[in-house]
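Peer 1: Quick check, what structure comes out for this input:
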Amino acid sequence: AVAPSVIVERRAAARRREAERATGAVVERIEALVAAGRPAESALASVARRTTGSPLLDRVLGQVAERYALGAPLFRALGSAAEAEGLPGVAGFAATLERARDLGRGSLLLIREARDERRNAERTRAIEAASGVEGRLMLVLVLCYLPALFLLVVIPLFIGLLDGLFGR
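Peer 2: This next block holds a predicted model:
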């Protein structure tokens, strides 16, 4: 009875992780558009219509684009949709953009900071994944190559030595 709920929760967590990773590409696109001179809201609205590679993030951005078309504040809609789906990184990004707009500050610096944070997080994740490769390769060496080495080299050599000692 517990196993199906555990499986469903793990799949949901995997979808949320995938969406958080795909957020990096969205932030990169928004940063490029804002750096080119578009307002942050316009940049987010245009990026929201494109696919990201994560069905969960695509669904959230689609909901945001629909709410924005109906007149809802864009950043607040993004924050509430992200919180509803369990994406704290996206919700934090939306809150930062909304605060910048409310305070009248430029959003380009905040978007660049968010982009740099995402890049650093991705770099850290890649380094952690690479650090586990050595152990796995050692496991392959021990489980696959050493038995073959014993069968093809060590055992015939040992038999040859025994034959040489006791055979004469």
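Peer 1: May I see the buried residues of stretch 18-25?
Peer 2: Neighbour-count burial for stretch 18-25, counted by 16 or more other CB atoms under 10 Å, picks out 18-25. C-beta coordinates here come from the backbone N, C-alpha and C atoms, glycine included.
Peer 1: what comes into contact with that stretch?
Peer 2: Residues from elsewhere that reach stretch 18-25 (CB atoms under 8 Å, 6 or more residues apart in numbering): 52-54, 56-57, 60, 85, 87, 89-90, 93, 115, 118-119, 121-122, 125.
Peer 1: Flag the shaky bits of this structure, pLDDT-wise.
Peer 2: 167-168 (pLDDT under 70).
Peer 1: Where is the longest helix in it?
Peer 2: Determined from DSSP state H, the single longest helix within the chain is helix 2-35.
Peer 1: I'd like the next helix or strand past that helix.
Peer 2: Following helix 2-35 in sequence order, the next helix or strand is helix 40-48 (DSSP states H and E).
Peer 1: Show me what that following helix is packed up against.
Peer 2: Helix 40-48 sits against helix 2-35, helix 55-69, helix 74-85, helix 88-103, with contacts defined as 3 or more CB pairs under 8 Å, 6 or more residues apart in numbering; DSSP states H and E.
Peer 1: Tell me which of those helices sits nearest to A130.
Peer 2: With CB to CB as the measure, helix 2-35 is the member of these nearest A130 (16.1 Å).
Peer 1: Nearest residue to the middle of the protein?
Peer 2: Nearest to the mean C-alpha position of the chain, by CA atoms, centre = their mean, lies R21 at 2.7 Å.
Peer 1: now E85, nearest residue through space, not along the chain?
Peer 2: Leaving aside its sequence neighbours, E85 sits nearest to V60 (CB to CB, 6 or more residues apart in numbering; 5.4 Å).
Peer 1: Would you mind listing the residues in contact with that neighbour?
Peer 2: Residues near V60 by CB under 8 Å, 6+ apart: 19, 78, 81-82, 85, 87, 90.
Peer 1: Please apply the same query to P55.
Peer 2: R15.
Peer 1: could you point out which element follows the helix or strand where N120 lies?
Peer 2: Using DSSP H and E, N120 sits within helix 108-131. Using DSSP H and E, the next helix or strand after helix 108-131 towards the C-terminus is helix 133-140.
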